[in-house]
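Student: model the structure of this input:
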Amino acid sequence: MGSLKKIIIPELNEELAELVGVLLGDGTLTKYYFRIFGDSRYDKLYFQYLSKLINNLFGINSNLTVDKRSNNKRNTLILCLSSRTTCNFLHIEYNLPYGDKIKGHAKIPECILKDSNLIKSCIRGLIEACLGGIIIFVWYLILIILF
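Tutor: Sure, this is the predicted structure:
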């Protein structure tokens, strides 16, 4: 029988609120791991940042990989953290549903909605998760037009 990884249980702060936002946007939570999906052409730096953030929050390392299956035409970047304890913490403390977020009625947790700085961080994570590559592309176009 395998043992559970020892993790740090962080207090709610802006970094954790941002991670919750990312998970609400492009994440999948199961009982054993969570994954965050992105585009390897645009999201690599942000995913490296998220990997460090996760390590700072929970004291364990995540894995960052590019899906190299031959049918992967979307350049899928995957950040995965395998930790039953972490997933249970996120599920219980922040009501993040396992599996389908729509069927699980995922929403920003009430404890985050009570603090304006936490709300900003959570929304930043949501926007970066959902629109990160698009935002970078738009800024790139603006720079080309201006300069």
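Student: center of the protein - which residue?
Tutor: Centroid-nearest residue in the chain: V22, 3.6 Å away (criterion: C-alpha atoms, centre = their mean).
Student: now do that one against K6, distance only.
Tutor: 24 Å (C-beta to C-beta, to the nearest Å). Just so you know, the C-beta spots here come from the backbone N, C-alpha and C atoms, and that holds for glycine as well.
Student: swap in K44?
Tutor: In this structure, K44 and K6 are 29 Å apart, going by C-beta to C-beta.
Student: tell me which of those two has more neighbours.
Tutor: Ranked by neighbour count (other C-beta atoms under 10 Å), K44 and K6 place K44 first, with 14 against 10.
Student: what sits closest to the more buried one if chain neighbours are left out?
Tutor: Excluding the flanking residues, the one nearest K44 by C-beta to C-beta, 6 or more residues apart in numbering is L77, at 6.5 Å.
Student: what's the helix or strand for that neighbour?
Tutor: strand 76-82 (DSSP states H and E).
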